[in-house]
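Novice: Sharing a model prediction with you, sequence too.
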Amino acid sequence: MNKNLSLNFFLKKDFYNFIFTSLLITSAGALILAYIAQYIFGYEPCVLCLYQRIAFYLVIFLSLVYFIIKKTKMKINIQFYKFIFIICILALALNAGLAMYHSLVEMKVVKAFGGCSAENSMLVGDIEQLREILKNSQAKKCDQPELFILGLSMANWNFLFCLTLVGFYGFIISYNKKYIIK
């Protein structure tokens, strides 16, 4: 194997460019797929689905901050880059946790928080109250997934995706400690 193509060579060349480019591409890709499912195929997201998107927006924002700072050639301490990288990884880890919770809600292992499950409709006293609730209700139920790909819901896929990213960046950190931990 050519040593110039090794992971070590590539990452040492410009470590943070690689990190923030990959974070930007993966997060934007996840959001693009979510919006395709929503706007092209008509799968409405529930509240938990929308919360899971926040982490991807944060990662995109922080990645763009890195590139803007780099483009303007501001003198920034390397600790700042480390800090925003760690925030990105924590956002992805929290997203994996939220996606796991969402998956458990879908499987009816745990109950969803208030306003997210079909159980709230059982609090209706009369038919007029039910009509009013249905008329004003626009959110999809978190415990009723509509889209399955290879037998997994979008929440399941998001959990696996974020867990894989956290594992990948954990490997990158351990492989390149001198760039992260000093």
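Specialist: Received the coordinates, thanks.
Novice: For the protein, just list every one of the strands.
Specialist: 148-149, 152-153 (DSSP state E).
Novice: lowest-pLDDT helix or strand in this structure?
Specialist: Least confident helix or strand, the chain: helix 7-13 with a mean of 50, by mean pLDDT, DSSP states H and E.
Novice: What is the burial count for Ala99?
Specialist: By other C-beta atoms under 10 Å, 26 other residues sit near Ala99. No exception for glycine: its C-beta is placed from N, CA and C like everyone else's.
Novice: ditto for the one 5 residues further on
Specialist: Using other C-beta under 10 Å, the number of residues around Leu104 comes to 16.
Novice: same question, the one 5 residues further on
Specialist: Around Val109 there are 9 other residues, counting by other C-beta under 10 Å.
Novice: for Phe20, same thing?
Specialist: Using other C-beta under 10 Å, the number of residues around Phe20 comes to 22.
Novice: show me where pLDDT drops low in this protein?
Specialist: Scanning the chain with the threshold set as pLDDT under 70 gives 1-13, 112-140, 142-145, 147, 149, 176-182.
Novice: In it, where's the longest helix?
Specialist: Longest helix in the chain, counting residues (DSSP state H): helix 78-106.
Novice: mind listing the helices for this protein?
Specialist: Counting by DSSP H, the helices of the chain are 7-13, 15-35, 47-72, 78-106, 127-136, 154-175, 177-180.
Novice: Export those helices as TSV, with columns for distance to Phe148.
Specialist: Output for these, formatted as TSV (distance: least, C-beta to C-beta, whole Å):
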stretch	distance to Phe148
helix 7-13	35
helix 15-35	14
helix 47-72	14
helix 78-106	10
helix 127-136	26
helix 154-175	8
helix 177-180	38
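Novice: follow-up on the earlier one: pull out the buried positions in the longest helix of the chain.
Specialist: Neighbour counts over helix 78-106 (16 or more other C-beta atoms under 10 Å) mark 81-82, 84-85, 88-89, 91-96, 98-106 as buried.
Novice: list the helices and strands it packs on?
Specialist: On a contact count with 3 or more C-beta pairs under 8 Å, 6 or more residues apart in numbering; DSSP states H and E, helix 78-106 meets helix 15-35, helix 47-72, helix 154-175.
Novice: rerun that using 10 Å as the cut-off
Specialist: For helix 78-106, the contact count by 3 or more C-beta pairs under 10 Å, 6 or more residues apart in numbering; DSSP states H and E identifies helix 15-35, helix 47-72, strand 152-153, helix 154-175, helix 177-180 as packing neighbours.
Novice: Who does the third one pair with, and is each partner parallel or antiparallel?
Specialist: Put plainly, it is strand 152-153. strand 148-149 (antiparallel) (DSSP bridges).
Novice: Enumerate every residue touching the closest residue to Leu165 other than its chain neighbours.
Specialist: With sequence-adjacent residues excluded and distances taken as C-beta to C-beta, 6 or more residues apart in numbering, Leu165 is closest to Leu92, at 5.1 Å. The contact partners of Leu92, by C-beta atoms under 10 Å, 6 or more residues apart in numbering, come to 23, 26-27, 30, 55-56, 58-59, 161-166, 168-169.
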